[in-house]
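A.B. asks: No letters, just coordinates:
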C-alpha cells in the first residue's frame, strides 16, 4: 500500500506510480477531544517520487495509530471485580456474564469519561440492547432439549420455548415464523429495562431463573409426527426439577417485596431505621416456612412459555401438562373458541386432518385434559360441549377491565395457558393491547403453570412490527404474574 500526498489529481498520481490500493484518510475535527479519522473519496496530491519511501513509513505509523484507535480494548480486572460484576448480573452463569461491561468497551471517539448509553449502566453488557443474538428479552440461550448437556436440575425455572408449526391452519399460514418474530419484537425488553410498574416487579430480577431454550425441532411434512415432537419437547422441559427450589422462590419473592416495602417506608419516614437484627429476625421467620407443590404428582416442575406456531400446538402442550398436573383450567383469549367438531370443521378426511387449529379444544375436552365448567374463553363463538364459560369481547364496554378480571377470577382456581388473540385468522372488534395487558395483570396471584402465545405470523405485520411487539408485551405480563406466584402452597403446621 502506498500513500502519496500530491499537488496533482488522483489520476495524475496513478500515471506516475502503480498502486495496489489507495487509502484516503482525512483527520477532520474531533469528538470529546479525540480526533476521528474519516474515509473520504477525494483527490490526493503528489510531491515527488523521491518522497515515496518517507511517505510510506509515515503511512505505516499512521495506520498503527488508526488500528489502535479503532481496537476494542479492555484492561485486566482483578478477581473481586469480576466476581462483583457477575454477582450483579441476574443472569449469572450464562454467556452475557462473560461479556465485559460497557464501561470497558469504548468507541474510539469517546473519551474515557464518557458514558455510552444511560447513566449508571455499568452493569449493562456489551450485547444489549440491539446487538447480540436474538433471544426473548435478551435472555441467555440454553441448550435445554439435551438433558445430557446439563444433567441434574434444569438450568432454569421458566423456559421460553418456540414451536414453529403452522401446517394445520385453515386460512393464512406463516405462524411457523412466529417464535423468531416474537423474539425480535422483544428486543427492547432487557434485564434492567423490564420493570413492570403497575405490579412493582421486575420478572427478570425476581430470583426466578428464566432462559430462552430456542425452538423444538418441528417437521413441516408430517403433522402427526410434528405434534408428537412438540409434546415430547415440552414434556422434557416440564419434568425437570427447577434450578431454584420452591422455598427459594418464595423466599426471593418475600425479600424483594420486603425491600420495596422498606424503600417506600424510608421515603415517607426519614427517621425509620431497619437494623441487622430486624433483618435477621425476618430471615429466621422465613426459614420456618415450608411449601408443597401444587402438581398432581407431588413434584416440583419447571414452567414453560411457548411461542407459536398456529393454535394446534395447544393440544400437545395440554397433553404434556396433564402428565404433571392432570386436568387443568384454561384461560383462552381468542376470536374463535376452537372447539369445532372435526366433521364440521374441515370434514376430517383423515385422522391427521381431524386435528387442526379449529378442533384442538374439542379433542382436549374429549381426552379429559381440561376441567369442564372451569375454563374461560373470551370469544364470539361458543361450544358448551367443551365446558367453557364465555366472556365476549364486547362485555368490556359494560363491565370494564375490572369486571372482566372479577368474572375470570370468580370462576377458576388454577389457570393455563394464556393465549394472545389470533392473527392467522383475524377478526375485528377485539380488545386493545392496553386492555389485554390490564386483564392479564389482574390474574396476579393465580397459579399459572404454563402459557403460550400463538398465531403470530410476522409476514402480515406492519413495518413497525406492531404484532410481534404486542405478543412480546403479552408474554412479559404473563411472565411477571408467573414470577410473582410460585407453584406451591404453604404447609400448615400443627
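C.D. replies: Right, received. Where do you want to start? This is a predicted model, so every value here is computed, not measured. Numbering: from 1, shown residues only.
A.B. asks: Residue 341 - nearest residue in space that isn't next to it in sequence?
C.D. replies: residue 362 (5.9 Å; Cβ to Cβ, 6 or more residues apart in numbering). Any C-beta I mention is one placed from the backbone N, CA and C, and that applies to glycine too.
A.B. asks: what residue ranges in this protein score low on pLDDT?
C.D. replies: Residue ranges of the chain with pLDDT under 70: 1-129, 191-192, 373-374, 376-385, 387, 409-428, 494.
A.B. asks: longest helix in it, by residue count?
C.D. replies: Looking across the chain with DSSP state H, the single longest helix is helix 246-268.
A.B. asks: and the residue nearest to residue 341, how many neighbours does it have?
C.D. replies: 23 (other Cβ atoms under 10 Å).
A.B. asks: One more: the one 10 residues further on?
C.D. replies: Residues lying near residue 372 (other Cβ under 10 Å) number 14.
A.B. asks: does it really touch residue 365, like I thought?
C.D. replies: Yes. If you go by Cβ atoms under 8 Å, residue 372 and residue 365 touch, sitting 6.5 Å apart.
A.B. asks: just checking, what packs against the helix or strand hosting residue 226?
C.D. replies: Assigned by DSSP states H and E, residue 226 belongs to helix 223-238. The contact analysis (3 or more Cβ pairs under 8 Å, 6 or more residues apart in numbering; DSSP states H and E) places helix 223-238 against strand 158-163, strand 303-308, helix 314-325.
A.B. asks: Buried residues, it. List them.
C.D. replies: 223, 226, 227, 229, 230, 231, 233, 234, 235, 236, 237, 238 (16 or more other Cβ atoms under 10 Å).
A.B. asks: correct me, but the third one touches residue 309?
C.D. replies: This means residue 227. No. With contact defined as Cβ under 8 Å, residue 227 does not count as touching residue 309 (10.8 Å).
A.B. asks: Determine the residues that are contacts of both of the two.
C.D. replies: residue 165 (Cβ atoms under 8 Å, 6 or more residues apart in numbering).
A.B. asks: OK, contacts around the closest residue to residue 231 other than its chain neighbours?
C.D. replies: Closest residue to residue 231 apart from its sequence neighbours, by Cβ to Cβ, 6+ apart: residue 316 at 3.6 Å. Contacts were defined as Cβ under 8 Å, 6+ apart; by that measure residue 316 touches 227, 228, 230, 231, 234.
A.B. asks: The same query, at a cut-off of 10 Å, please.
C.D. replies: Contact analysis of residue 316 by Cβ atoms under 10 Å, 6 or more residues apart in numbering lists 163, 165, 216, 226-235, 306, 355, 360.
A.B. asks: how far away is it from residue 365?
C.D. replies: Noted for residue 316: a distance of 15 Å to residue 365, by Cβ to Cβ, to the nearest Å.
A.B. asks: Spell out the secondary structure type for the nearest residue to residue 164 once chain neighbours are set aside.
C.D. replies: Closest residue in space to residue 164, ignoring its immediate chain neighbours: residue 176 at 4.3 Å, by Cβ to Cβ, 6+ apart. Secondary structure, DSSP: H, G, I helix; E, B strand; the rest coil: residue 176 is helix.
A.B. asks: And for residue 176, the neighbour number?
C.D. replies: Using other Cβ under 10 Å, residue 176 has 21 other residues around it.
A.B. asks: Assess the claim that it and residue 218 are in contact.
C.D. replies: Yes. The pair residue 176 / residue 218 is scored as a contact, 7.7 Å apart, by Cβ atoms under 10 Å.
A.B. asks: any common contacting residues for these two?
C.D. replies: 162, 163, 164, 165, 166, 167, 309.
A.B. asks: what's the closest of the residues you listed to residue 389?
C.D. replies: Proximity of those to residue 389 (Cβ to Cβ) peaks at residue 309, which lies at 25.7 Å.
A.B. asks: Tell me if I'm right that the closest one and residue 315 touch.
C.D. replies: No. Counting by Cβ under 10 Å, residue 309 stays clear of residue 315, with 11.5 Å between them.
A.B. asks: Show me which of the two is the more surrounded one.
C.D. replies: Between residue 309 and residue 315, counted using other Cβ under 10 Å, the more crowded position is residue 309 (33 against 25).
A.B. asks: OK, contacts around that one?
C.D. replies: With Cβ under 10 Å, 6+ apart, residue 309 has these contacts: 162-166, 168-169, 175-179, 215-216, 218, 226, 230, 317, 357, 424, 452-456.
A.B. asks: since we're on residue 162, how many residues are nearby?
C.D. replies: The burial count assigned to residue 162 is 23, neighbours taken as other Cβ under 10 Å.
A.B. asks: Tell me which residues touch it, please.
C.D. replies: Counting by Cβ under 10 Å, 6+ apart, residue 162 touches 136, 176, 178-180, 182-183, 212-216, 218, 233, 306-309.
A.B. asks: How about residue 437?
C.D. replies: Applying Cβ under 10 Å, 6+ apart, we find residue 437 in contact with 196, 198, 401, 431, 470, 473, 474, 476, 477, 478, 480.
A.B. asks: of those, closest to residue 298?
C.D. replies: Proximity of the contacts of residue 437 to residue 298 (Cβ to Cβ) peaks at residue 478, which lies at 25.4 Å.
A.B. asks: give me phi/psi at the closest residue to that closest one other than its chain neighbours?
C.D. replies: The shortest distance from residue 478 to any non-neighbouring residue, by Cβ to Cβ, 6+ apart, is to residue 451 (4.7 Å). The phi and psi torsions at residue 451 (degrees, to the nearest 10) take the values phi -160, psi 160.
A.B. asks: What about residue 451, how many residues nearby?
C.D. replies: By other Cβ under 10 Å, the residues close to residue 451 number 26.
A.B. asks: if I look at residue 309 and residue 315, which residues touch both of them?
C.D. replies: Common neighbours of residue 309 and residue 315 (Cβ under 10 Å, 6+ apart) are 168, 230, 357.
A.B. asks: Domain map for this protein?
C.D. replies: Per automatic domain parsing, the domain ranges recorded for the chain read 10-70, 76-127, 136-245+291-490.
A.B. asks: other SSEs contacting the strand or helix carrying residue 281?
C.D. replies: Residue 281 belongs to helix 276-287 when assigned by DSSP H and E. Other elements packing on helix 276-287 under the criterion 3 or more Cβ pairs under 10 Å, 6 or more residues apart in numbering; DSSP states H and E are helix 246-268.
A.B. asks: now the angle from the helix it packs on to helix 276-287?
C.D. replies: 150 degrees (axes from the mean of the first three to the mean of the last three Cα atoms, to 10 degrees).
A.B. asks: What helix or strand is residue 472 located in?
C.D. replies: In this structure, residue 472 sits in helix 466-484 according to DSSP H and E.
A.B. asks: For that helix, list every residue counted as buried.
C.D. replies: By neighbour count with 16+ other Cβ under 10 Å, helix 466-484 contains the buried residues 467-484.
A.B. asks: helices or strands up against that helix?
C.D. replies: For helix 466-484, the packing partners by 3+ Cβ pairs under 10 Å, 6+ apart come out as strand 158-163, helix 178-185, strand 210-215, helix 246-268, strand 303-308, helix 433-441, strand 450-453.
A.B. asks: Show me the one of these that comes nearest residue 321.
C.D. replies: Here strand 450-453 is closest among the helices and strands packed on helix 466-484 (Cβ to Cβ), at 5.5 Å.
A.B. asks: Starting from the closest one, tell me which strands it pairs with and how they run.
C.D. replies: strand 303-308 (parallel) (DSSP bridges).
A.B. asks: quick check: angle from the strand it pairs with to helix 223-238?
C.D. replies: Going by the same axes, to 10 degrees, strand 303-308 makes 150 degrees with helix 223-238.
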